[in-house]
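Student: kindly return the folded structure for what I paste below:
(one chain, ligands or ions: 1)
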Amino acid sequence: MGEAATKRMPGRGRFISFEGGEGSGKSTQIKKLAERLEAAKLRSILTREPGGSPGAEVIRHLLLSGMGKLLGPDAETLLFAAARDDHVRTVIQPALSQGTWVLCDRFSDSTRVYQGKAGKVPVGLVNAMERVTIGNLKPDLTIILDVPVEIGLKRAAARRGDAAPDRFESEDMKFHQNLRDAYRELAAIEPQRCVLIDATPDANTVAASVWTALRDRFFASPATAASRA
Ligand code: Z5A
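Tutor: Numbering: from 1, shown residues only. Down below sits the predicted model:
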């Protein structure tokens, strides 16, 4: 994917990803943000990974059923990359270039954290896949929702009810703690792009923090933005 195609052009939409561990509230928050943007008359689409395009949704089904795991960690990573490649080319890039804001429930940081940090897939493979699938297309803002592992898993279990846990929900506590640590580390390493938000309070309180992060990033006066830099 060429650099020229991914540079921010005047009128290009903003790209916002949501990240976090199981049950951290991404789907809840992304919907609230879409409503808020709509009220502000900003055109947005809500999408997700793995999935988000017809081809990628087929791969999502394979991955969450655990079929990808049977192929081994490297091949499973390639499946996430194949899904992302289709999603970026057919949904994300076209929307951004038409000036539409893209709200994405998970993106490439999920591969870095789940496959790379927690899954121990070599960073060289993760980097190579990222270059091929997204090039320079980093989100303009990444909201990382942070909750203690026990709370997130409890929320995910309550929502699931009697259904069986999926491929990643079935991992042990140590895996989930590694995810949380890796997301917190990412927020510390990339503060210009990532904002870590305490997702323990009620959903409306978390939504207010998300909106503050957006306002600071995109709607702040030049003086305020400069003092943050
Ligand atoms: N994955 C990967 O390994 N590599 C990759 O590159 C990518 C993904 C892109 C996709 O699963 C899986 O793929 C994912 C990582 C892996 N792991 N898993 N499992 P998914 O899309 O099916 O699920 P998820 O992304 O992990 O999200 P989630 O666990 O389904 O939850 P969530 O979206 O973060 O939370 P929620 O659905 O908004 O909320 C969960 C419940 O808590 C629900 O009942 C809410 O009403 C409740 N909730 C939400 N917020 C609150 C607050 N603030 N207080 C109380 N209760 C709340």
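Student: rest of the way, CA atoms for contacts and neighbours
Tutor: Will do.
Student: in this structure, what helix or strand scores lowest on average pLDDT?
Tutor: Taking mean pLDDT, DSSP states H and E as the measure, the chain has helix 3-6 as its least confident helix or strand, at a mean of 41.
Student: tell me which helix or strand comes right after it.
Tutor: strand 15-20 (DSSP states H and E).
Student: listing partners with orientation, what would you give for that next one?
Tutor: With DSSP bridges as the test, strand 15-20 is paired with strand 101-105 (parallel), strand 141-146 (parallel).
Student: so for Ala163, which of the ones you listed sits nearest?
Tutor: strand 101-105 (21.7 Å; C-alpha to C-alpha).
Student: now do the closest one, average pLDDT.
Tutor: Regarding strand 101-105, the rounded mean pLDDT is 98.
Student: quick one: closest of the strands paired with strand 15-20 to the ligand.
Tutor: Closest approach to the ligand among the strands paired with strand 15-20 is made by strand 101-105 (6.7 Å; C-alpha to the nearest ligand atom).
Student: contacting residues around the closest one?
Tutor: With contact meaning C-alpha atoms under 8 Å, 6 or more residues apart in numbering, strand 101-105 is reached by 13-19, 26-27, 30, 34, 42-49, 92, 95-96.
Student: next, the buried residues of it.
Tutor: Trp101, Val102, Leu103, Cys104, Asp105 (16 or more other C-alpha atoms under 10 Å).
Student: the fourth one bridge partners, please.
Tutor: Going by DSSP bridges, Cys104 is paired in beta bridges with Ser17, Thr47.
Student: separate out the buried members of the contacts of strand 101-105.
Tutor: Neighbour counting with 16+ other C-alpha under 10 Å marks 13-19, 26-27, 30, 34, 43-44, 46-49, 92, 95-96 as buried within the contacts of strand 101-105.
Student: ok, and of those residues, which contact the ligand?
Tutor: Among these, proximity to the ligand is found for Lys26, Ser27, Glu49 (C-alpha under 6 Å from any ligand atom).
Student: close to the ligand: what parts of the chain are there?
Tutor: Residues of the chain lying near the ligand by C-alpha under 6 Å from any ligand atom: 22-28, 49-50, 80, 106-108, 110-111, 114-115, 155-156, 159, 166, 168-169, 199-203.
Student: now restrict those residues to buried residues only.
Tutor: Among the residues of the chain next to the ligand, those classed as buried by 16+ other C-alpha under 10 Å are 22-27, 49-50, 80, 106-108, 110-111, 114-115, 156, 168-169, 199-200.
Student: for Glu171, phi and psi?
Tutor: With angles defined as degrees, to the nearest 10, Glu171 sits at phi -70, psi 160.
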